[in-house]
Every structure is written in C-alpha cells, then in structure tokens.
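A.B. asks: Please find the sequence and the predicted model below.
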Amino acid sequence: MQHFLKSGFKDQHKFFTQVKKIIFLFLFGLVLSIPSNLQAQLIEPNSEAVETSGDVILLALPATAALTTVVMKDRKGFWQFTKGFATNLAVTAGLKYAINKRRPFNSGGQAFPSGHTSITFQAASFIHKRYGFKYSIPGYVLAGWTAYSRINATRHDGYDILAGAVVGIGSSFIFTSPYQRENMQLTFSSGNDQYLLGFVYRF
C-alpha cells in the first residue's frame with residue numbers, strides 16, 4: 001500500500017511538472033505566433049505606464065530575490081544568486097553585441113535577447129530553484145509582464161523575449177541548488193539493540 005501511494009505521488013508530480021512545461025511553452029509559442037507589428041497592440045500601444053512598470057520591476061525583482069537571501073540568512077543562496085546574475089548579464093550583453101539584431105520598426109540595434117526579460121526571469125527562476133515553485137509564481141508573473149512591456153513599447157519582438165527568458169532561467173538553474181535539501185538531514189544510529197531515526201533542520 002505504501003509503495004502504491006509513493007508511486008502515485010511520483011506520477012502526480014511528473015504530471016504537474018509536464019503541465020507547467022506545456023503551459024510555459026504554449027504561452028511563448030502564442031507570443032511568437034503574433035506578428036511583431038501587432039504584438040504591441042494587445043494593450044494601448046506604446047503605453048508609457050506599461051513601459052514604466054516594466055522598468056520598475058526590472059529593479060525590484062532582482063532586489064527582492066537578493067533581499068530574500070539576506071532575510072533567510074542564506075549566504076550560499078546569495079552567492080548563487082550573484083553568480084547567476086553576473087552570468088546572465090555577461091551572456092545577454094555578449095549576445096546583444098555579437099548578433100546586433102535590429103529592433104522592431106528599425107528603432108535601434110542590439111535587440112536580441114531582451115535584457116529586461118533575462119534579468120527578471122533570472123530573479124524569478126532563482127526563487128523557483130532555491131525556495132520552491134510556489135514562492136516564485138508572483139516573480140514569474142511580474143517577469144512575464146516585464147517581457148510584455150518591452151513588446152508593448154516596440155523595443156522587442158517575441159523572439160527577443162523568448163531568448164531573454166531562456167538565458168535568464170538558464171543562468172539561475174546552472175548555479176542554484178534547492179535550499180531545503182541543504183538544511184534538512186536524516187540521521188540514523190543504532191546500539192544495544194536500539195535504533196534511532198532522527199530528523200535535523202538547520203536554520
């Protein structure tokens with residue numbers, strides 16, 4: 001019976017993991033399927049409020065991720081975030097200068113990938129990988145809004161934000177390990193025909 005329950009939980013976890021991946025791919029595929037000259041028209045085109053909100057999130061989301069490690073007294077997490085953040089900036093800047101893709105409506109160069117998108121998704125995915133998916137949901141929503149704000153401002157198209165998200169998430173996942181696994185330990189000892197199973201959590 002216990003084996004059956006464990007197997008059921010594993011199957012359920014795999015199912016929800018696949019669903020999350022499908023939803024993620026669907027949303028980005030939907031964005032990519034819209035012509036770049038129409039993508040910015042989903043809300044008022046070139047909305048200053050939308051663009052400004054994206055700029056605010058660009059600063060607030062990484063700051064929140066870093067502050068979380070400080071509040072949690074998670075020094076290793078802070079170092080992992082720093083490495084992911086620096087890697088993301090380096091890869092994003094390198095691709096921008098190497099590819100030098102034109103922005104929509106020929107409004108400038110160095111469009112690929114979107115820096116706003118890569119930075120915000122790096123922060124959101126750090127929270128995801130380090131502290132758990134449920135804590136990162138607001139971060140992913142804000143990162144998605146930031147990506148949309150760049151499309152609305154006609155600064156990027158769907159390919160730019162998709163690449164930014166991939167670079168940002170990849171930069172975090174390379175360096176970040178789950179927090180709870182590092183702070184939980186299962187112990188076992190035996191002696192005098194007695195067996196002791198213990199659980200230790202280090203704050």
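C.D. replies: In hand now; what should we look at? Since the structure is predicted, the reported quantities are computational estimates derived from the model, not experimental observations. Numbers count the residues shown, from 1 in each chain.

A.B. asks: Would you map the strands across the chain?
C.D. replies: Listed in chain order, the strands of the chain (DSSP state E) span 184-191, 194-201.

A.B. asks: So which residues make contact with stretch 57-73?
C.D. replies: 74-75, 77-78, 81-82, 85, 116, 119-120, 122-124, 126-127, 130-131, 139, 142-143, 145-146, 179, 203 (Cβ atoms under 8 Å, 6 or more residues apart in numbering). Every C-beta, even on glycine, is put in place using the N, C-alpha and C of the backbone.

A.B. asks: Among those residues, name the buried ones.
C.D. replies: Among these, those buried by neighbour count (16 or more other Cβ atoms under 10 Å) are 74, 77-78, 81, 85, 116, 119-120, 122-124, 126-127, 130-131, 139, 142-143, 146, 179.

A.B. asks: where along this protein do the helices fall?
C.D. replies: 2-33, 36-39, 48-71, 75-99, 115-131, 133-152, 158-175, 179-183 (DSSP state H).

A.B. asks: Where among those helices is average confidence lowest?
C.D. replies: Lowest mean pLDDT within those: helix 36-39, at a mean of 46.

A.B. asks: sorry, back to before: highest mean neighbour count out of the helices of the chain?
C.D. replies: Highest mean neighbour count of these: helix 115-131, a mean of 27 (counted as mean count of other Cβ atoms under 10 Å).

A.B. asks: Nice, that's everything, thank you.
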